[in-house]
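In: I'll drop the sequence and a predicted model, then ask my questions.
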Amino acid sequence: MPENRVLLKKCEAIDPGDVDSYVKAGGFKALKKARDRMSPVEVIEALKASGLRGRGGAGFPCGAKWELARNSREKEKFLICNADEGEVGAFKDRYVLQNDPFSVIEGMAIAAYAVGAQEAYIYLRAEYHFLLEGLKRAVEQVKAKGLLKSLDIKITEGAGAYVCGEESALMNSIEGRRGEARCRPPYPPTRGLFEKPTIINNVETLINVPHIIAKGPEWYAKLGTEKSKGTKLFSVSGDVRQPGVYEMELGCKLGDLLTLARAENVKLVQVGGASGRIVPHSMLDTRLSFETILGSGAITVFNESRDVIDIVSRTMGFFNKESCGKCTPCREGAEVMVEIFGRLVKGDGVHEDLEILEDLSHVMMDASMCGLGQTAPIPVLDTLKYFRSEYENRIDQSAFLRRLKVISA
Ligand SMILES: Cc1cc2nc3c(=O)[nH]c(=O)nc-3n(C[C@H](O)[C@H](O)[C@H](O)COP(=O)(O)O)c2cc1C
Ligand code: SF4
């Protein structure tokens, strides 16, 4: 399957520093259509009919989320564009923010109109500080054209914590509090930022919106699969000759994407970043969709020269460092996993370690408070499923070397 560039088209066609180039390319027609010819409820109905699901990882239906906030009796409502993009191997939001900031702003303005938000935030990943000035300029230019009406868009920078991409920790961060997850319910559309109804959407989710409004939900719903409509941006990196951002119709085969990125000697692929699924070479026919596997769209390729245990060990080290520490299963579980992987890498592992890893993974997934702890063990379980012999061989070899040491001592 070839690429289908719908969302990325303007990235190549416009000057990101000049709003007029965006207008010339058809920009803001959707916003005008929404405001002049559709009621907020009609906009939400169009979103629901399109089948658009959130692109931040969880795939929640976008229209249904907006409807919850719209129906709230609270007068003050907020909108947040999640531009934290902390997932390992993800860089598609950065590409959009850098090359087509106006599509993000247009999507936000339509969302604000639909849900009735007067104030909006772009929560920008700390490492994307270099995008700040360009984004500010883009917001100012759109405002100067009178296109934002009374909507106020602020840009807040993160402080470098992965967990602050999680929506409740993100709201804490904007409020100036410690960046850790909140207990839910209540969910943001009913009680979010500053206790008010809040819509949080990923950058990519928002840039789908102008297309849906301009071309209609029927056109959009023809793209993709039954439960995964539209196209998806993928950040492809690792052992590939052509890393980059690719746009594919949902339901494409993982192998098609790898062919475009010129991957060779593939051993395994991490689909959805550090917390994503691990797919062995034998499963490259897997289709990428919400029905199967997808996540945030980060695709990291590892070739035959890579060591599975080393990959997972580093991944668990990342989660241990990024755990906010609020709940015990994630805080302590990640620490124990790092300890076990340390043993396995050093050659001190024993077969019982594999059972502990499996048991601990299930406890973390069942009992952790937020998505970080709930998904952190996925790479452990997937590699134990598909690459168990590598773990077992390593343990057997280590035991053999230990015996040799004793004999020769
Ligand atoms: C640990 C963690 C990190 C996350 N990081 C991001 C992120 O960087 N960007 C993002 O859009 N969503 C991220 N999410 C998902 C958000 O919590 C939320 O579901 C998303 O922003 C909703 O937008 P959407 O409905 O448009 O996908 C993260 C979730 C978890 C659990
Ligand atoms: S799961 Fe981890 S990151 Fe999430 S609240 Fe618990 S300790 Fe914090």
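Out: Cool, got the structure. Ligands and ions are numbered 1, 2, ... in the order given.
In: which single residue in the stretch 101-250 of the chain comes nearest to ligand 1?
Out: With Cβ to the nearest ligand atom, the shortest gap between the stretch 101-250 of the chain and ligand 1 falls at residue 165, namely 2.2 Å. C-betas here are computed from N, CA, C, even on glycine.
In: which phi and psi does that residue have?
Out: Torsion angles at residue 165 (phi, psi; degrees, to the nearest 10) stand at phi -80, psi -20.
In: do residue 298 as well
Out: According to degrees, to the nearest 10, residue 298 has phi -80, psi 120.
In: near ligand 2, which residues of this protein are found?
Out: Residues of the chain that fall close to ligand 2, judged by Cβ under 6 Å from any ligand atom: 163, 180-181, 323-327, 330-331, 368-370, 372-373.
In: list the contacts of residue 82.
Out: Residues near residue 82 by Cβ atoms under 8 Å, 6 or more residues apart in numbering: 56, 123, 165, 167, 170, 200, 201, 202, 203.
In: from residue 194, how far out is the residue of the stretch 301-409 of the chain found nearest ligand 1?
Out: Nearest residue of the stretch 301-409 of the chain to ligand 1, counting by Cβ to the nearest ligand atom: residue 371, 2.4 Å away. Using Cβ to Cβ, to the nearest Å, residue 371 is found at 23 Å from residue 194.
In: neighbour count winner among those two?
Out: Neighbour totals were compared for residue 371 and residue 194, and residue 371 leads with 18 against 12 (other Cβ atoms under 10 Å).
In: show the pLDDT at that one.
Out: In this model, residue 371 is scored at 96, pLDDT.
In: so it is in contact with residue 56, correct?
Out: No: using Cβ atoms under 8 Å, residue 371 is not in contact with residue 56; the gap is 10.2 Å.
In: now the element after the helix or strand that contains residue 232, going C-ward?
Out: If you go by DSSP states H and E, residue 232 is part of strand 231-238. For strand 231-238, the following helix or strand on the C-terminal side (DSSP H and E) is strand 244-249.
In: what pairs with that following strand, and is each one parallel or antiparallel?
Out: Here strand 244-249 has these sheet partners by DSSP bridges: strand 231-238 (antiparallel).
In: distance between the strand it pairs with and the chain's centre?
Out: 11 Å (Cα atoms, centre = their mean, to the nearest Å).
In: now what about that strand, what contacts it?
Out: 4-8, 55, 89-92, 95-96, 204, 223-224, 242-250, 257-258, 260-261, 263, 270, 288, 294, 297-302.
In: rewinding a little: pick the one among the contacts of residue 82 closest to residue 277.
Out: Nearest to residue 277 among the contacts of residue 82: residue 56, at 16.6 Å, using Cβ to Cβ.
In: poorly predicted segments of the stretch 51-200 of the chain, please.
Out: The stretch 51-200 of the chain contains no residues with pLDDT under 70.
In: in it, what residue lies closest to ligand 2?
Out: Counting by Cβ to the nearest ligand atom, the stretch 51-200 of the chain gets nearest ligand 2 through residue 181, at 3.8 Å.
In: one step back: hey, C-alpha coordinates of the strand holding residue 232 in PDB?
Out: Written as PDB, here are the backbone C-alpha positions of strand 231-238 (Å, rounded to 0.1, in the frame of the first residue of the first chain):
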ATOM      1  CA  THR A 231      -5.100   8.200   7.800                       C
ATOM      2  CA  LYS A 232      -2.400   7.900  10.400                       C
ATOM      3  CA  LEU A 233       1.000   9.600  10.800                       C
ATOM      4  CA  PHE A 234       3.800   7.200  11.600                       C
ATOM      5  CA  SER A 235       7.200   8.200  13.000                       C
ATOM      6  CA  VAL A 236       9.500   5.500  11.600                       C
ATOM      7  CA  SER A 237      13.100   5.200  13.000                       C
ATOM      8  CA  GLY A 238      15.700   2.700  14.100                       C
END
